[in-house]
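1. Kindly generate the corresponding structure for this input.
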Amino acid sequence: MIPTPTPNLRLRPILERQSSAWAILNLFAETPNNEGAFRMRFDELSARERMFLVDFYALPSELRAFQRICVFWNVRLKCPETEN
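-> Residues are numbered from 1 along each chain as shown. Below you'll find the model as predicted:
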């Protein structure tokens, strides 16, 4: 009989990715609730963290990841930027 993987082992990578995403998003918890402060905080993230969020949310760009974070934290964007 071949042992089958337990559900916990199959879920581990998903849970680890969700945990990593939450850890990054939590960095914004004490950030003043405005676009400028969130932009500065986003720019302070490492390139690896920004790209992780782009990949995690399956977004086309870092700009979309930034917008997603603003929506998550209910930060109003003054004028949504457009991409070239």
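
2. tell me the average confidence for stretch 41-50?
-> The average pLDDT within stretch 41-50 is 96.

3. Tell me which residues of it come out buried.
-> Of all the residues in stretch 41-50, those buried under the rule 16 or more other C-beta atoms under 10 Å are Arg41, Phe42, Leu45, Glu49, Arg50. In short, each C-beta sits where N, CA and C put it, glycine included.

4. Kindly indicate which of these lies nearest Thr31.
-> Arg41 (4.8 Å; C-beta to C-beta).

5. Identify the residues contacting the host helix or strand of that closest one?
-> Per DSSP states H and E: Arg41 is located in helix 35-44. By C-beta atoms under 8 Å, 6 or more residues apart in numbering, the surrounding residues in contact with helix 35-44 are 27-28, 31, 50, 65-66, 69-70, 73, 75-78.

6. Take these and keep only those in strands.
-> Using DSSP state E, no member of the contacts of helix 35-44 falls within strands.

7. Using JSON lines, lay out the residues you listed together with distance to Phe56.
-> Converted to JSON lines, the contacts of helix 35-44 look like this (distance: C-beta to C-beta, whole Å):
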{"residue": "Leu27", "distance to Phe56": "14"}
{"residue": "Phe28", "distance to Phe56": "15"}
{"residue": "Thr31", "distance to Phe56": "19"}
{"residue": "Arg50", "distance to Phe56": "11"}
{"residue": "Ala65", "distance to Phe56": "9"}
{"residue": "Phe66", "distance to Phe56": "14"}
{"residue": "Ile69", "distance to Phe56": "11"}
{"residue": "Cys70", "distance to Phe56": "16"}
{"residue": "Trp73", "distance to Phe56": "16"}
{"residue": "Val75", "distance to Phe56": "19"}
{"residue": "Arg76", "distance to Phe56": "23"}
{"residue": "Leu77", "distance to Phe56": "20"}
{"residue": "Lys78", "distance to Phe56": "26"}
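
8. Alpha carbons of the longest helix along the chain, in PDB - could you do that?
-> Using DSSP state H, we find that the single longest helix of the chain is helix 7-26. Taking C-alpha atoms only, helix 7-26 is exported to PDB below (Å, rounded to 0.1, in the frame of the first residue of the first chain):
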ATOM      1  CA  PRO A   7      -4.000  17.100   3.900                       C
ATOM      2  CA  ASN A   8      -1.700  19.000   6.300                       C
ATOM      3  CA  LEU A   9       1.300  18.300   4.100                       C
ATOM      4  CA  ARG A  10      -0.500  19.400   1.000                       C
ATOM      5  CA  LEU A  11      -1.700  22.600   2.600                       C
ATOM      6  CA  ARG A  12       1.600  23.500   4.100                       C
ATOM      7  CA  PRO A  13       2.900  25.400   1.100                       C
ATOM      8  CA  ILE A  14      -0.300  27.300   0.700                       C
ATOM      9  CA  LEU A  15      -0.400  28.200   4.400                       C
ATOM     10  CA  GLU A  16       3.200  29.300   4.300                       C
ATOM     11  CA  ARG A  17       2.500  31.600   1.400                       C
ATOM     12  CA  GLN A  18      -0.500  33.100   3.100                       C
ATOM     13  CA  SER A  19       1.500  33.500   6.300                       C
ATOM     14  CA  SER A  20       4.300  35.300   4.300                       C
ATOM     15  CA  ALA A  21       1.700  37.600   2.600                       C
ATOM     16  CA  TRP A  22       0.100  38.500   5.900                       C
ATOM     17  CA  ALA A  23       3.500  39.200   7.400                       C
ATOM     18  CA  ILE A  24       4.200  41.700   4.600                       C
ATOM     19  CA  LEU A  25       0.800  43.200   4.800                       C
ATOM     20  CA  ASN A  26       1.100  43.600   8.500                       C
END
